[in-house]
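In: kindly generate the corresponding structure for this input.
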Amino acid sequence: MGEPATSEGAKPRLSPTLATLLTLALPVIISRSSQVVVGVCDALMVAKLGKAALAATTAGALNTFVVLILPMGISFIVSSFASQLYGKGDLAGARRYGVYGLGLAIATEGMCLIGIWFVPDALGLFSYAPDVRAMMTEYLQVRLVSGGAAIGIEALGNYYGGLGNTLYAMVANLVAMGLNVVGNYVLIDGRWGAPAMGVTGAALASTLSTIVAFVGFLAVFLRDGRKTKAKGLSWHELGRMLKFGVPSGLNWFFEFLAFNVFVNVVVAGLGTTALAGMMAVMQINSVSFMPAFGIASAGAILVGQAIGAGVKDDVPRIVRMTFFTAATWQGLVGISYVVAPTMLFRPFTSDEDASGELLRTGSRLLMLSAAWQLFDATANTMAEALRAAGDTAFTLWVRIAVAWLVFVPGAYVTVRYFDGGEVGAVVWLAGYMGILAGVLALRFRSGAWRKLELVEPTLVG
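Out: Numbers count the residues shown, from 1 in each chain. Here you go, the predicted structure:
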């Protein structure tokens, strides 16, 4: 499916039904789930090397995400502009924001190449065991090479998603997933004549697969450019994208930075077993998060198109439909965590865990993580709907306030001064998600998003 051939001035808005939501969401779910498979595959294939390798790989992947989350969050606004402009019938205008997204990817690559030099010093600030720190340093330095490509895939995926085409991003991510699995098989243990690179091999497989997938996606975007030219690129539009996109990016950045501090300071201080257990639980939880986020993102596309077409009264119904769909999925996943935590966690253990300490710790944490599943569905749905409307500044300040004034200090004090252990840390994580979900739901119900103008009327036509 390429770019639609709708003429300027038409209203090509998609019908906001459950069938449309699921049609849009399925490729996004597959796409996001393929990204999860990459992380889970890395964890499973290095788990046999021991808990230090597992901790280095999973925490290294999280730290890579923290570096990329700011530009990734900015790239999400590309979908907001593209969907609203698509709803207005301005396809050339929508494509311009795809080009601005690629500019963001170029800037990200420059940032990552510079950041490689600071990885050892940055990791030295945290209380990792020496062997974990050494492996994680190599992992991060290799993964950052593909930072720009990762953001390029996100930017193009958000552009096409705004047009109602979520298939291209799915294909790009499936290609990256397949290449990563093969690369892990070859490079971690050293097969087909390749050297056994362990944790570094997992990082190299992820980097090479991301670059190849991006190059293919870019070729498709350039091909489609012959049909719809992105005429009239302007600094004004780029500035407007950043005006709404930077709060969106900072929104994600500060939340994941808080979570990173939670892992690297609060959890890492509990020892390698607690760190490995928590990070493996986060990998398992991404199975519920990414599909639900895909559903929320599909709902946001319908919200943006409805706003662009001038029918804001349809938005509350779209959001309710999106929430119930996401909540159904995450609720079922939460039940599985309560019913079978040991079975779900066992693949993340190795022969080194003969005493079963890691299995017991991880299973307990996985069961407790069921507590935040519905909160996560609510927060995802509301945040994505508000982002589609351009209400990015409010969500930024809410996440900063709840994460840094409540979650991080609460978890730190509970664990360090009241001996709350990993259970106390998880309880605070669930509390954070609950507060965030409640505040974002109230913000949407207030209707403040109705007064926002993401796309200037003068930019259309």
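In: tell me which residues in the helix or strand bottoming out on mean pLDDT in the chain are buried?
Out: One helix or strand of the chain scores below all others by mean pLDDT, DSSP states H and E: helix 18-47, with a mean of 81. For helix 18-47, the neighbour count (16 or more other CB atoms under 10 Å) marks 20-21, 24-47 as buried. All C-beta atoms are positioned from the backbone trio N, CA, C, and that covers glycine.
In: and for stretch 391-409, what's in contact with it?
Out: With contact meaning CB atoms under 8 Å, 6 or more residues apart in numbering, stretch 391-409 is reached by 77, 244-245, 247-248, 250-251, 254-255, 258-259, 261-262, 266, 383, 386-387, 428-429, 431-432, 435-436, 439-440, 443, 448-449, 452.
In: show the buried residues in those residues.
Out: Listed as buried from the contacts of stretch 391-409 are 77, 244-245, 247-248, 250-251, 254-255, 258-259, 261-262, 266, 383, 386-387, 428-429, 431-432, 435-436, 439-440, 443, 449; burial here means 16+ other CB under 10 Å.
In: which neighbouring elements make contact with the least confident helix or strand of the chain?
Out: Helices and strands touching helix 18-47, by 3 or more CB pairs under 8 Å, 6 or more residues apart in numbering; DSSP states H and E, are helix 51-88, helix 147-162, helix 167-187, helix 198-224, helix 272-308, helix 315-339.
In: distance to residue 420 and mean pLDDT added to those helices, as TSV?
Out: Shown next, in TSV, are the helices and strands packed on helix 18-47 (distance: least, CB to CB, whole Å; pLDDT from 0 to 100):
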stretch	distance to residue 420	mean pLDDT
helix 51-88	21	86
helix 147-162	35	94
helix 167-187	36	91
helix 198-224	30	92
helix 272-308	12	84
helix 315-339	20	94
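In: just put those in JSON lines and tack on distance to residue 141.
Out: Converted to JSON lines, those look like this (distance: least, CB to CB, whole Å):
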{"stretch": "helix 51-88", "distance to residue 141": "10"}
{"stretch": "helix 147-162", "distance to residue 141": "11"}
{"stretch": "helix 167-187", "distance to residue 141": "15"}
{"stretch": "helix 198-224", "distance to residue 141": "8"}
{"stretch": "helix 272-308", "distance to residue 141": "19"}
{"stretch": "helix 315-339", "distance to residue 141": "34"}
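In: buried stuff in stretch 104-119?
Out: Along stretch 104-119, these residues count as buried under the neighbour rule (16+ other CB under 10 Å): 104-105, 108-109, 111-112, 119.
In: which stretches of the stretch 351-461 of the chain have low pLDDT?
Out: For the stretch 351-461 of the chain, residues meeting the criterion pLDDT under 70 lie at 351-355, 457-461.
In: residue 423 reaches residue 367, doesn't it?
Out: No. Counting by CB atoms under 8 Å, residue 423 stays clear of residue 367, with 10.2 Å between them.
In: quick one, which of these two is more surrounded?
Out: residue 367 (20 against 13; other CB atoms under 10 Å).
In: distance from stretch 433-440 to the middle of the chain?
Out: Remark: stretch 433-440 is offset 18 Å from the chain centroid, using CA atoms, centre = their mean, to the nearest Å.
In: so what touches it?
Out: Stretch 433-440 is contacted by residues 372, 374-376, 378-379, 382-383, 386, 395, 398-399, 402, 406 when judged by CB under 8 Å, 6+ apart.
In: so how far is residue 105 from residue 98?
Out: Distance of residue 98 to residue 105, given as CB to CB, to the nearest Å: 11 Å.
In: shared neighbours of the two, which are they?
Out: The contact sets of residue 98 and residue 105 overlap at residue 155 (CB under 8 Å, 6+ apart).
In: the residue nearest to residue 190 when sequence neighbours are not counted: what secondary structure?
Out: Closest residue to residue 190 apart from its sequence neighbours, by CB to CB, 6 or more residues apart in numbering: residue 196 at 3.0 Å. Under DSSP: H, G, I helix; E, B strand; the rest coil, residue 196 falls in the coil class.
In: who's in contact with residue 196?
Out: Each residue near residue 196 by CB under 8 Å, 6+ apart is listed here: 187-190.
In: just the buried residues of those.
Out: Buried members of those, scored by 16+ other CB under 10 Å, are 187-189.
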